[in-house]
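Peer 1: sharing a sequence plus its predicted fold:
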Amino acid sequence: MTEEFGVSIPMNQFPWKLLLALLAKHGLVLSGYPDILMPGEVRGNNKTKGIGDLFSTEQVDLATSLGLMGRTNFPTILSRAPQDRLDGS
């Protein structure tokens with residue numbers, strides 16, 4: 001998903017907690033993300049445990065939206081942020 005933008009994310013050590021910062025650093029926008037916790041977001045008063053914070057049904061929703069399993073009419077899409085958004089205009 002990220003390789004076409006020149007960004008390599010290792011799947012064996014997926015940077016869940018740092019995903020949003022990594023995408024922002026490269027000027028990428030994630031669209032169509034399912035209605036689940038965002039990377040690094042905490043459920044309740046707990047400390048984040050990464051992707052382990054997601055319920056198993058949410059993990060399935062995420063995997064489906066990323067095209068890792070099943071089919072969906074609402075895929076998660078990665079794109080470049082418009083230049084005017086990157087410049088702070």
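Peer 2: Looks like it came in fine.

Peer 1: can you tell me the element L78 falls in?
Peer 2: strand 77-80 (DSSP states H and E).

Peer 1: so which elements touch that strand?
Peer 2: strand 28-31 (3 or more C-beta pairs under 8 Å, 6 or more residues apart in numbering; DSSP states H and E). In short, each C-beta sits where N, CA and C put it, glycine included.

Peer 1: so which bits of the strand it packs on are buried?
Peer 2: Going by neighbour count (16 or more other C-beta atoms under 10 Å), the buried part of strand 28-31 is L28, L30.

Peer 1: where does L86 land on pLDDT?
Peer 2: The model reports L86 with a pLDDT of 62.

Peer 1: and the longest helix for the chain?
Peer 2: helix 56-65 (DSSP state H).

Peer 1: average pLDDT for that one?
Peer 2: 82.

Peer 1: could you list every helix and strand that it packs against?
Peer 2: Secondary elements touching helix 56-65 (3+ C-beta pairs under 8 Å, 6+ apart): none.

Peer 1: only alpha carbons, please: show that helix as CSV.
Peer 2: Provided in CSV are the C-alpha atoms of helix 56-65 (Å, rounded to 0.1, in the frame of the first residue of the first chain):
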residue,chain,number,x,y,z
SER,A,56,-11.0,-8.8,17.5
THR,A,57,-13.9,-7.6,15.4
GLU,A,58,-12.1,-4.2,15.0
GLN,A,59,-9.0,-6.0,13.8
VAL,A,60,-11.1,-7.8,11.2
ASP,A,61,-12.6,-4.5,10.1
LEU,A,62,-9.1,-3.0,9.8
ALA,A,63,-7.7,-6.0,7.9
THR,A,64,-10.8,-6.0,5.5
SER,A,65,-10.5,-2.2,4.9
